[in-house]
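Participant: Below are the sequence and a predicted model for it; my questions follow.
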Number of protein chains: 6
Amino acid sequence: MQLHLSSWPEVEAYLTRSKAILIPIGSTEQHGPTGLLGTDALCAEFLAKRAGDEAGFLVGPTFNVGMAQHHMGFPGTLTLRPSTMIACMTDWANSLRRHGFERIYWLNGHGGNTGTISAAITALYHDTTFGDAAALRCMSRNWWELAGISDMIRELFPVGEGSHATPSEISITRYAYPEAIKRADLMPRIAPTGPVFDAKDFKRRFPDGRIGSDPTLANSGDGERLVNAVVRALIAEFGTFAKA
Amino acid sequence: MQLHLSSWPEVEAYLTRSKAILIPIGSTEQHGPTGLLGTDALCAEFLAKRAGDEAGFLVGPTFNVGMAQHHMGFPGTLTLRPSTMIACMTDWANSLRRHGFERIYWLNGHGGNTGTISAAITALYHDTTFGDAAALRCMSRNWWELAGISDMIRELFPVGEGSHATPSEISITRYAYPEAIKRADLMPRIAPTGPVFDAKDFKRRFPDGRIGSDPTLANSGDGERLVNAVVRALIAEFGTFAKA
Amino acid sequence: MQLHLSSWPEVEAYLTRSKAILIPIGSTEQHGPTGLLGTDALCAEFLAKRAGDEAGFLVGPTFNVGMAQHHMGFPGTLTLRPSTMIACMTDWANSLRRHGFERIYWLNGHGGNTGTISAAITALYHDTTFGDAAALRCMSRNWWELAGISDMIRELFPVGEGSHATPSEISITRYAYPEAIKRADLMPRIAPTGPVFDAKDFKRRFPDGRIGSDPTLANSGDGERLVNAVVRALIAEFGTFAKA
Amino acid sequence: MQLHLSSWPEVEAYLTRSKAILIPIGSTEQHGPTGLLGTDALCAEFLAKRAGDEAGFLVGPTFNVGMAQHHMGFPGTLTLRPSTMIACMTDWANSLRRHGFERIYWLNGHGGNTGTISAAITALYHDTTFGDAAALRCMSRNWWELAGISDMIRELFPVGEGSHATPSEISITRYAYPEAIKRADLMPRIAPTGPVFDAKDFKRRFPDGRIGSDPTLANSGDGERLVNAVVRALIAEFGTFAKA
Amino acid sequence: MQLHLSSWPEVEAYLTRSKAILIPIGSTEQHGPTGLLGTDALCAEFLAKRAGDEAGFLVGPTFNVGMAQHHMGFPGTLTLRPSTMIACMTDWANSLRRHGFERIYWLNGHGGNTGTISAAITALYHDTTFGDAAALRCMSRNWWELAGISDMIRELFPVGEGSHATPSEISITRYAYPEAIKRADLMPRIAPTGPVFDAKDFKRRFPDGRIGSDPTLANSGDGERLVNAVVRALIAEFGTFAKA
Amino acid sequence: MQLHLSSWPEVEAYLTRSKAILIPIGSTEQHGPTGLLGTDALCAEFLAKRAGDEAGFLVGPTFNVGMAQHHMGFPGTLTLRPSTMIACMTDWANSLRRHGFERIYWLNGHGGNTGTISAAITALYHDTTFGDAAALRCMSRNWWELAGISDMIRELFPVGEGSHATPSEISITRYAYPEAIKRADLMPRIAPTGPVFDAKDFKRRFPDGRIGSDPTLANSGDGERLVNAVVRALIAEFGTFAKA
Ligand code: NI
Ligand code: NI
Ligand code: NI
Ligand code: NI
Ligand code: NI
Ligand code: NI
């Protein structure tokens, strides 16, 4: 069940059976020569929709631009300042809290978001502690850290998974958006690795945008396998969280 | 051409032929018993995609939650504070400016956004005037105010168009999302009208969320007609703006 | 009755008969070679005072600096950032709300303020919806859009009214501030028109600051006629709003 | 010379002979049963105008609402949050800096403003130190602390001057606004004194709003004497500051 | 009793006998060739600890970085923007208020902090006046302005006390931190005086960082004398404030 | 070498040999019945000082209040809002950047800070990417995650380490502050574990403030062992970072 395709009476009815919602959250940032700029938001959105449809829980609109400062050397990347992202996430969540939601599960598609997501959740709790805002429980989960997924990724891509523009995330977008598959010669096959500082430094270290990955390994079939596994794990974890 | 389905080299190539981009902007808010919560964002997104695909210009991700404070009496509505929306829009635009974009056309699907959009654009110009940010031109257009569209709407729905949860916007979502058509008995057939103050007052005046509209008039066929007309007018106006 | 010339017991007494107040709001920005920098604030203030004195309602202090970013190419212009103006208007209004005022009518003298005024009003309603702030109703009106005024302006200045440094607003300041009448040769007689982007672009398009206007048409007599008409319309509209 | 009654070419011409401007800054807050709510802004404005007219320097618009939180127990008081006032003052000053002004003299009419004014000035210097904003010098002066004035006040009102709603400030408004003189029986004749905390505490300690003062001593003649003395001292200090 | 060396049950017990706490507040900024960068924070902290230990009241953690924009020309200086300092002080104080503290005494070691401290206190009161935050009383005291101290300083250092990097504050740090005594030839012996604007201007006027002072007069013995006197005066004033 | 005990010429000299600095960062929050409220700040500060003294690098003042919202149910806890902490950390770091520092190593003593620290570092990089701020590299390290430390902790406290008010951190404060050792009967010996949401929920789950830990295991000897090991690992990691 997707919030943006529902009417308000449908959401009102949903609230009589559950106070929990899932918000997909990602980023719009370069993913190397063959990855989609929307990869992180699209993965979270696609996985959330599948799980929500299958298990009957509510999925909110996608938070599609996040913390991507370090990718700003590559055209098309959009980024928020951390203070903006905190303000924005708290506005979304306070709107939901006002309607009676008591559990928000943020399904995250972008590692770079984690710090700021945790800061935003603290800000939300602050209003319960210092003001009279209703109690709210939030959790955030990177989809590749759901139960069993990192093991599966290691099996599918024992070499060349890397940490940005990975074959696993690109496999998912290939499966979900077959009309948007890109091809390019990648040199070197496996991208360099290293620490991440600001955008200019990033561009010097990782000239085509990939970190440690070989996205030529990406393929629709593995994308489907990953989607199925993530959806199963997500339904389980969301279900537990919703009832906690 | 959609930014989130493109790679960074594709955006880099686009920038050699155009410095203009379109951002669909809407809201996630109640649209009466039969309208989708996502109506305003979905209309802007759908119209933008069609026009961008047809005319070959770049369409950014959808800004899907906006100013919907007055709709907060209805479950599922999400709203930003004005200061958050200004911060968020300026972050999106500054990211684009940093990549060399010089024209941003905001295609708006929600009347309640107009004031804050104009405030955000002023904030963007501020950085050019007071700092050394590159010059940027923005324009914002409500899709129903594109050339010829309000006349067309008056012809299609001479009675019952109203101003919120209108048959014209719901026709577009019926055409674009046939799988999400809702039905309900509406009483009265044509909703009351009146001024808009805060959310509690709104709920008292407009108990089912509609203002002056009869959305039972909405239908896919008129949706398609509207989409075609808007897309034509949008391509023309965006083209002029991009070259100005 | 002007708030700044009243004592607190007088305001306390006023509140027993009315919960409504008018705040004049304008801008301090260039108005061409012959217009006063204070035109927009002075017009709103003068019209408000006349109406308040005649009809016995309370007029607050003048909000005298607004959104004038695009006029910053001309010495003497002052501007707020949109976020500052929203913060400032909400502080003024929250102070009034705290004293028991329930209706604030913003009489606006500057078209460039409208977007930000509407954003600020939304911010005020937000505190009622999300917090426990008392309900408040705001409306904002550009004085030239009061009932009958635009028709009158068209009659008085069928050619050369334009949209900035207009003969109508300058007529009002000539009538109100006869000691501050300026003269200059204007070339061309009627200023160019065009879109408004940032301050540097504005200065290029409109080298002497006027947009589409011929302020040599301005005169005290027409100023007086306008003032009388606006005051009548304003008293009527404020009266209705105060009782709504 | 008053900025709001000048045209932009007049300000442009002024800048060729001086880079200094005076901004009157006050408050809109209760001043006891007989003092005007606008006292602090009106005094600063009136004194500034007189001095500017006599000595030919430029006087900006009046910053008419300030820090008056502790007076909020009395109807008609308006107050800014400190962060709003800092944002607002920096926007005014940055606008002036952008036009080439290098000296801003804030003539203050309200003791409660001093802390926040000094914080705002620090914020302005911050932009020179950390960014590339032009150097700017600010000074702030409470009018009753200009050379010789406190001695004069002690002579005029050896008993009953107090610290809020003082006979000296009320004498000035009586002289400047004879049409707005209020009368009331004051009990006790000399108001109590004590520390100032929040608004509720203030109202308990100072039930009619005065602190330590006997405003029945206020009179137009002493107002005129004070105005003349302040204007002389102000012209001298501003002149020195403008050339420093 | 120092909060950071206490457990929460100890603070809970303290709150049953007193609702008052002292927060030392200073700055980290250059203090001339021989003064410690931490002088202002260290003095406030040392004096507070002594007094708290002797009189049994609670001393919170030290607010160790403040308003030092004008010292930024000298390596090692740290500074907050005023808005940051206000936010930070209000967060500290709101945390204490939440636990039931009703009196916060800020012992200040840096003259440049006074304006912003007073703005922050106003912000705290704002939440009581406009919201439902518990009533809170704050006071702020520069240690050299405690009863009798400025007289004592005049006696100890009749010449060369100056106003920054003074022999009195450096005497205290010599007494408190004998392991960190610095020596340098100072030229001129007594530093120049003058007004303080931005950091670049400051560095030009006061090339080694001192203002009007001769810190070669500083010595441990006078430091001890000052400490003893300040501690006595502080205990008295804090005691009165805590009970008021 | 500690910044607050240095003079500005000493820092100037340091900058000729290194552009790197370490900032200890912690929290002031309850640490169970026997842990000090300052534990997290004190550990980071003590470890940093030891390492800086031994290896000759510069240690800045301690950032002593952090993200402790969830501990607010226990008296004495202080917390910042995430936006305040980001503003504050960026002000500290921008001051250092302005003096020529190019590497900031944040030694963190509080797990709850990690998200907000990473958000703040992104904010700092933002100014390099979008503005003309000098490039800066930051890293943040929780002291218990330095090379070899978690293994050592597992050996020292195989049972009862837990995750808050741990025997390892309390051992360090016992070693560093022997004068502040607290004793209490703890029931149960090993505290419960569970997820962390807002402060009220935290207090219900963890009534005495500990999570999963048995701090009766804490002792000075193990504190000393930990300190020695951490200092060694810290010197190594800081050295590498400073030269990178
Ligand atoms: Ni990714
Ligand atoms: Ni709509
Ligand atoms: Ni105008
Ligand atoms: Ni006054
Ligand atoms: Ni000092
Ligand atoms: Ni800890």
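Facilitator: Structure received. Remember, it's a predicted structure, so these values are computed and weren't measured experimentally. Ligands and ions are numbered 1, 2, ... in the order given.
Participant: Mind jotting down where the strands sit in chain A?
Facilitator: A:20-25, A:58-59, A:103-108, A:137-142 (DSSP state E).
Participant: Not counting its own residues, what contacts the shortest one?
Facilitator: What that stands for is strand A:58-59. Strand A:58-59 is contacted by residues A:1-3, A:6, A:11, A:14, A:18, A:20-24, A:48-49, A:51-52 when judged by C-beta atoms under 8 Å, 6 or more residues apart in numbering or on different chains. (Each C-beta comes from the backbone N, C-alpha and C, glycine too.)
Participant: Just the buried residues of those residues.
Facilitator: Neighbour-count burial (16 or more other C-beta atoms under 10 Å in any protein chain shown) is assigned, among the contacts of strand A:58-59, to A:1-3, A:6, A:11, A:14, A:18, A:20-24, A:48-49, A:51-52.
Participant: Is there contact, residue-wise, from stretch A:108-118 to chain F?
Facilitator: Yes: Stretch A:108-118 reaches chain F (C-beta under 8 Å from any C-beta of the partner chain) through A:112, A:114, A:115, A:116, A:117, A:118.
Participant: which among the contacts of strand A:58-59 gets closest to residue A:233?
Facilitator: Residue A:233 lies nearest to residue A:51 out of these, by C-beta to C-beta, at 9.1 Å.
Participant: so how many other residues sit close to the closest residue to residue A:102 other than its chain neighbours?
Facilitator: Closest residue to residue A:102 apart from its sequence neighbours, by C-beta to C-beta, 6 or more residues apart in numbering or on different chains: residue A:19 at 4.0 Å. Look at residue A:19: counted by other C-beta atoms under 10 Å in any protein chain shown, it has 18 neighbours.
Participant: gap between residue A:19 and residue A:136?
Facilitator: As defined by C-beta to C-beta, to the nearest Å, residue A:19 lies at a distance of 10 Å from residue A:136.
Participant: coming back round to it: now, which of the buried ones among the contacts of strand A:58-59 lie close to chain B?
Facilitator: A:3, A:6, A:11.
Participant: Contacts only, for the residue nearest to residue A:35 when sequence neighbours are not counted.
Facilitator: Counting by C-beta to C-beta, 6+ apart, residue A:35 lies nearest to residue A:165, which is 4.5 Å off, once chain neighbours are set aside. Residues near residue A:165 by C-beta under 8 Å, 6+ apart: A:30, A:31, A:32, A:34, A:35, A:39, A:191, A:209, A:210, A:211, A:213, A:215.
Participant: Can you pick out the most distant pair from those residues?
Facilitator: Largest separation among the contacts of residue A:165 by C-beta to C-beta: A:39 and A:191, giving 15.2 Å.
Participant: who has more neighbours, those two?
Facilitator: More neighbours surround residue A:39 than the other of residue A:39 and residue A:191, with 29 against 25 (other C-beta under 10 Å).
Participant: The residue nearest to residue A:118 when sequence neighbours are not counted: neighbour count?
Facilitator: Of all residues not flanking residue A:118 in the chain, residue F:115 sits nearest, at 3.1 Å (C-beta to C-beta, 6+ apart). Neighbours of residue F:115 under the rule other C-beta under 10 Å: 22.
Participant: Distance check, the most centrally placed residue in chain A against residue A:64.
Facilitator: Centroid-nearest residue in chain A: residue A:109, 2.0 Å away (criterion: C-alpha atoms, centre = their mean). For residue A:109, the distance to residue A:64 equals 10 Å [C-beta to C-beta].
Participant: residues bridging contact with those two, i.e. touching both?
Facilitator: A:26, A:27, A:41.
Participant: ok, back up a step: got the contact list for the residue nearest to the centre of chain A?
Facilitator: Applying C-beta under 8 Å, 6+ apart, the residues near residue A:109 are A:24-27, A:39-44, A:142-143, A:169.
Participant: which residues in chain A form helices?
Facilitator: Secondary structure of chain A by DSSP state H: the helices cover A:8-17, A:39-55, A:82-99, A:114-130, A:149-156, A:167-176, A:199-205, A:220-243.
Participant: and the second one with ligand 1, contact?
Facilitator: Yes: for a cut-off given as C-beta under 5 Å from the ion, helix A:39-55 has contacts with ligand 1, namely A:39, A:40.
Participant: Return the residues of chain A in contact with chain C.
Facilitator: A:94, A:98, A:132.
Participant: What does the pLDDT read for residue A:244?
Facilitator: We have a pLDDT of 82 for residue A:244.
Participant: these two touch, right, it and residue A:105?
Facilitator: No: taking contacts as C-beta atoms under 8 Å, residue A:244 lies outside contact range of residue A:105: 10.7 Å.
Participant: ok, the two, which is more surrounded?
Facilitator: Per other C-beta under 10 Å, whichever of residue A:244 and residue A:105 has more neighbours is residue A:105, with 24 against 12.
Participant: Am I right that residue A:62 is in contact with residue A:22?
Facilitator: No: Residue A:62 lies out of contact with residue A:22 (C-beta under 8 Å); the separation is 10.6 Å.
Participant: ok so, going back, for the residue nearest to residue A:118, report the pLDDT, please.
Facilitator: The model reports residue F:115 with a pLDDT of 98.
Participant: ok, and does stretch A:97-115 reach over to ligand 1?
Facilitator: No: counting by C-beta under 5 Å from the ion, ligand 1 has no neighbours in stretch A:97-115; the shortest distance is 5.6 Å.
Participant: Kindly check the end-to-end length of that stretch for me.
Facilitator: 22 Å (C-alpha to C-alpha, to the nearest Å).
Participant: again with stretch A:63-70
Facilitator: In stretch A:63-70, first residue to last residue: 19 Å (C-alpha to C-alpha).
Participant: can you check stretch A:151-167 too?
Facilitator: End-to-end distance for stretch A:151-167, by C-alpha to C-alpha: 14 Å.
Participant: how far away is residue A:138 from residue A:230?
Facilitator: 20 Å.
Participant: wait, residue A:185
Facilitator: Between residue A:185 and residue A:230 the distance is 30 Å, computed by C-beta to C-beta.
Participant: Give me the more crowded residue out of those two.
Facilitator: residue A:230 (26 against 8).
Participant: and the gap between the residue of chain A found nearest ligand 5 and chain D?
Facilitator: Nearest residue of chain A to ligand 5 (C-beta to the ion) works out as residue A:83 at 31.8 Å. Distance, residue A:83 to chain D, using C-beta to the nearest C-beta, to the nearest Å: 14 Å.
Participant: Contact partners for that residue?
Facilitator: Residues in contact with residue A:83 (C-beta under 8 Å, 6+ apart) are B:87, F:83, F:86, F:87, F:123.
Participant: Could I get the residues you listed in CSV, plus columns for distance to ligand 3 and pLDDT?
Facilitator: Shown next, in CSV, are the contacts of residue A:83 (distance: C-beta to the ion, whole Å; pLDDT from 0 to 100):
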residue, distance to ligand 3, pLDDT
B:87, 29, 98
F:83, 37, 98
F:86, 40, 98
F:87, 37, 98
F:123, 39, 97
